[in-house]
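1. test case, fold it:
(2 chains)
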2 protein chains.
Amino acid sequence: MLTRIDHIGIACRDLDATVEFYRATYGFEVFHTEVNEEQGVREAMLKINETSDGGASYLQLLEPTREDSAVGKWLAKNGEGVHHIAFGTADVDGDAEAIRGKGVRVLYEQPRVGSMGSRITFLHPKDCHGVLTELVTSAPAEGAEH
Amino acid sequence: MLTRIDHIGIACRDLDATVEFYRATYGFEVFHTEVNEEQGVREAMLKINETSDGGASYLQLLEPTREDSAVGKWLAKNGEGVHHIAFGTADVDGDAEAIRGKGVRVLYEQPRVGSMGSRITFLHPKDCHGVLTELVTSAPAEGAEH
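-> Got it, this is the predicted structure:
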């Protein structure tokens, strides 16, 4: 079950300049940065609020590390802007399978590693009224009991 | 101060079909519907989660009521997809003025009425790295003391 807006993914040409825009304009601070070589992006997560399911909502600023990455090609076509939206769930595997069963194309056979050790998949935008939609299960919190 | 992702605004051609997609695919239910004649939109708000500032995060599905509305023109150019993002604040007037003072174009001289009796304004996407950005102060809760 999808229980939160996990993040809004925003494609930008210059990550440092965009981070600085969000800091200077709104006071949003960087919570986390990483490079995802598989996705071909350098990214910054800005935490905006916590959510009623125990998670949080972020802006995810994405700069392509190569022009032939998905985000690089998207930027060349569309320019800077909102690239995708992401919903949080405790069970990305189960939700992805259930949604696939409803005829929506799920882009990965199995969820892959996303920001901050999460597990993610994407739904085809043409099956989602034009919205590239990500499903995210956060990594277990550090120090959590297993 | 902006304290939450208030909503993601999604432009669609057929509001009823898009509401049904979000219900059937994810289980999201309609929280509120209205027509905003000034904006030229018919809209549905789907509540996704509550937020740590006492507010909530929604998807806002927007169907233009006329082709020459802002959303109608946007749809003709871009097709269905994410139209804008919105941050919640307790003080849209003060935040809009502060942001205007930083050189970001604020589209309304004074905030106007948005969804569910909120007060809203927009920031120019060209000043926000391609993202049409809304600021929202929710209406006081029904039954709240004044």
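2. what's the helix or strand bottoming out on mean pLDDT in chain A packed up against?
-> Sorting the helices and strands of chain A by mean pLDDT, DSSP states H and E puts strand A:112-113 at the bottom, at a mean of 94. When contacts are defined as 3 or more C-beta pairs under 8 Å, 6 or more residues apart in numbering or on different chains; DSSP states H and E, strand A:112-113 packs onto strand A:119-123. No exception for glycine: its C-beta is placed from N, CA and C like everyone else's.
3. show residues contacting the strand it packs on.
-> A:84, A:86, A:92-93, A:96, A:99, A:104-108, A:110-114, A:132-137, A:139 (C-beta atoms under 8 Å, 6 or more residues apart in numbering or on different chains).
4. can you dump the C-alpha atoms of that strand in PDB for me?
-> Presented in PDB, the C-alpha positions along strand A:119-123 are these (Å, rounded to 0.1, in the frame of the first residue of the first chain):
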ATOM      1  CA  ARG A 119      14.600  -0.200  -3.100                       C
ATOM      2  CA  ILE A 120      12.700   1.300  -6.100                       C
ATOM      3  CA  THR A 121      10.900   0.600  -9.300                       C
ATOM      4  CA  PHE A 122       9.200   2.800 -11.900                       C
ATOM      5  CA  LEU A 123       5.900   2.600 -13.700                       C
END
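5. narrow the contacts of strand A:119-123 to those that are buried.
-> Neighbour counting by 16 or more other C-beta atoms under 10 Å in any protein chain shown classes A:84, A:86, A:92, A:96, A:99, A:104, A:106, A:111-112, A:114, A:132-137 among those as buried.
6. which members of those are the farthest-apart pair?
-> The span of the buried ones among the contacts of strand A:119-123, defined through C-beta to C-beta, is set by A:104 and A:114 at 18.9 Å.
7. neighbouring contacts of the least confident helix or strand of chain A?
-> Contact with strand A:112-113 is made by A:36, A:38, A:119, A:120, A:121, as judged by C-beta under 8 Å, 6+ apart.
8. filter those residues down to the buried ones.
-> Applying 16+ other C-beta under 10 Å to those flags A:36, A:119, A:120, A:121 as buried.
9. related to what we said a few turns ago, return the subset of the buried ones among the contacts of strand A:119-123 lying in helices.
-> Of the buried ones among the contacts of strand A:119-123, the ones assigned to helices by DSSP state H are A:92, A:96, A:99.
10. distance-wise, check the residue lying closest to the last one once chain neighbours are set aside relative to residue B:64.
-> Think residue A:99. Nearest residue to residue A:99, sequence neighbours excluded (C-beta to C-beta, 6 or more residues apart in numbering or on different chains): residue B:25, at 6.0 Å. Residue B:25 sits 23 Å away from residue B:64, going by C-beta to C-beta, to the nearest Å.
11. these two: which is more packed in?
-> A count of neighbours by other C-beta atoms under 10 Å in any protein chain shown puts residue B:64 above the other of residue B:25 and residue B:64, at 22 against 19.
12. verify the stated contact: residue A:71 with residue A:62.
-> Yes - at 5.2 Å, residue A:71 and residue A:62 qualify as touching, with contact defined as C-beta atoms under 8 Å.
13. spell out which residues of chain A are next to chain B.
-> Residues of chain A lying near chain B by C-beta under 8 Å from any C-beta of the partner chain: A:1-5, A:8, A:10-12, A:18, A:21, A:24-28, A:48-53, A:57, A:59, A:79-82, A:85, A:87, A:99, A:102, A:104, A:125, A:128-131.
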